[in-house]
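*Asks:* Take a look and give me a structure for this.
(one chain, ligands or ions: 1)
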Amino acid sequence: MNCVKHALIFGGSRGIGLSVAQKFLNESFNVSIVSRSQNNVELALKKLRENKTNNGLISGYKCNVVNELEVAKLFKQIHECNQSVDVLVNAAGINKDSLLINCSQEVLRNITDTNLLGSMITCKHCLKTMIRQRKGTIVNIGSIIGLKGNIGQSAYAASKAGLIGFVKSLAKEVAPKGITVNIVCPGFIETDLTANVPLSNISRIPLKRLGTAEEVAECVFFLANSSFITGDVLVVDGGLSLQM
Ligand code: NAP
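*Replies:* Numbering: from 1, shown residues only. The predicted structure follows:
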């Protein structure tokens, strides 16, 4: 087995997940990124290879977190390549702002399935590997909306609040196996997901700017390397939740 540590990042093709992949790569991890689109995976791999400054290995996989068969197949592939999974990051997520009365069941299901069920499925399959290793760390990406709520984001808030409960329970479940589970809750971060954030929202942020994906990646890396922190919620929002 390769002794260089391996970080597996769902939602690593763009935004926060891609910055997390870059951070782990810079820190000499082997990195695997996962997204639904082969094309996006290829584009991300190209960017990571261009910025690579060490011998870290980079792999990419197409897999939809909502499809348990695909997720199981991905972990089987990783196992067959004799790779460990030392760090799992769940950054795959979607949102669609709309008042609840205008949300179809399909929209509600897509949001909760991707953001909550998807992370449960990836954790479930990754834990089989981590329990065998008797070590590992999982960092999920939540949101301050899951802590504070927001108009037009009830399904998104529910999925992210659910993720916090999931993280706290799972942390208790797997601590005896030497595995930690934490969650980073960003505020407004500059990515495709926030391309249409109104300027009025930025003025509400005490630090008066959007966060960067790199700033979130630093916090994910910190938690992934903090051996005595588990079940924790780390808010990364420029102070926004103080105002909510
Ligand atoms: P983004 O730029 O839209 O990236 C989302 C990532 O998730 C992409 O890599 C996308 O890949 C992947 N993805 C979406 N659905 C997937 C699925 N079913 N299976 C596999 N991969 C899937 O969004 P982001 O801003 O980086 O958000 C990342 C995470 O941070 C999300 O959980 C989001 O809720 C959370 N967050 C973001 C902000 C913010 O302000 N940006 C704030 C708080 C929390 P493909 O499209 O290639 O499949």
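*Asks:* any idea where the strands of this protein begin and end?
*Replies:* For the chain, the strands defined by DSSP state E cover 6-10, 30-35, 58-62, 87-90, 136-141, 179-186, 233-236.
*Asks:* Please name the strands paired to the first one in the sheet, noting orientation.
*Replies:* Under the criterion DSSP bridges, strand 6-10 sits next to strand 30-35 (parallel), strand 87-90 (parallel) in its sheet.
*Asks:* State the mean pLDDT of stretch 236-244.
*Replies:* For stretch 236-244, mean pLDDT rounds to 96.
*Asks:* hmm, that stretch in reach of the ligand?
*Replies:* No: interface with the ligand: stretch 236-244 contributes nothing (CB under 6 Å from any ligand atom), its closest point being 8.3 Å away. (Each C-beta comes from the backbone N, C-alpha and C, glycine too.)
*Asks:* buried set for that stretch?
*Replies:* By neighbour count with 16 or more other CB atoms under 10 Å, stretch 236-244 contains the buried residues Val236, Asp237, Gly238, Leu240, Ser241.
*Asks:* Can you convert the residues you listed into TSV and add a column each for distance to Leu45?
*Replies:* TSV is the format used below for the buried residues of stretch 236-244 (distance: CB to CB, whole Å):
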residue	distance to Leu45
Val236	26
Asp237	30
Gly238	31
Leu240	33
Ser241	35
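*Asks:* among these, which are in helices?
*Replies:* Mapping the buried residues of stretch 236-244 onto helices (DSSP state H) picks out Leu240, Ser241.
*Asks:* Going by distance to Gly149, which of the buried residues of stretch 236-244 wins?
*Replies:* Closest approach to Gly149 among the buried residues of stretch 236-244 (CB to CB): Ser241, at 11.0 Å.
*Asks:* which ones are touching that closest one?
*Replies:* Contacts for Ser241 were tallied using CB atoms under 8 Å, 6 or more residues apart in numbering; they are Ile144, Leu147, Lys148, Gly187, Val235.
*Asks:* Point out the other elements, helices or strands, that the longest helix anywhere in the chain touches.
*Replies:* If you go by DSSP H, the chain has its longest helix at helix 154-174. Under the contact criterion of 3 or more CB pairs under 8 Å, 6 or more residues apart in numbering; DSSP states H and E, helix 154-174 touches helix 105-112, helix 118-133, strand 136-141, helix 145-148, strand 179-186.
*Asks:* Now tabulate these in a markdown table and tack on distance to the ligand, mean neighbour count and mean pLDDT.
*Replies:* Listed next are the helices and strands packed on helix 154-174 as a markdown table, based on distance: least, CB to the nearest ligand atom, whole Å; neighbours: other CB atoms under 10 Å; pLDDT from 0 to 100:
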| stretch | distance to the ligand | mean neighbour count | mean pLDDT |
| --- | --- | --- | --- |
| helix 105-112 | 8 | 15 | 98 |
| helix 118-133 | 6 | 20 | 97 |
| strand 136-141 | 4 | 26 | 98 |
| helix 145-148 | 7 | 20 | 98 |
| strand 179-186 | 4 | 25 | 98 |
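*Asks:* Which residues lie in contact with the residue nearest to the spatial centre of the chain in this structure?
*Replies:* The chain has Ala91 as the residue nearest its centroid, 2.1 Å off, counting by CA atoms, centre = their mean. By CB under 8 Å, 6+ apart, the contact set of Ala91 is Ile9, Phe10, Gly11, Gly12, Gly15, Ile16, Gly17, Val20, Ile141.
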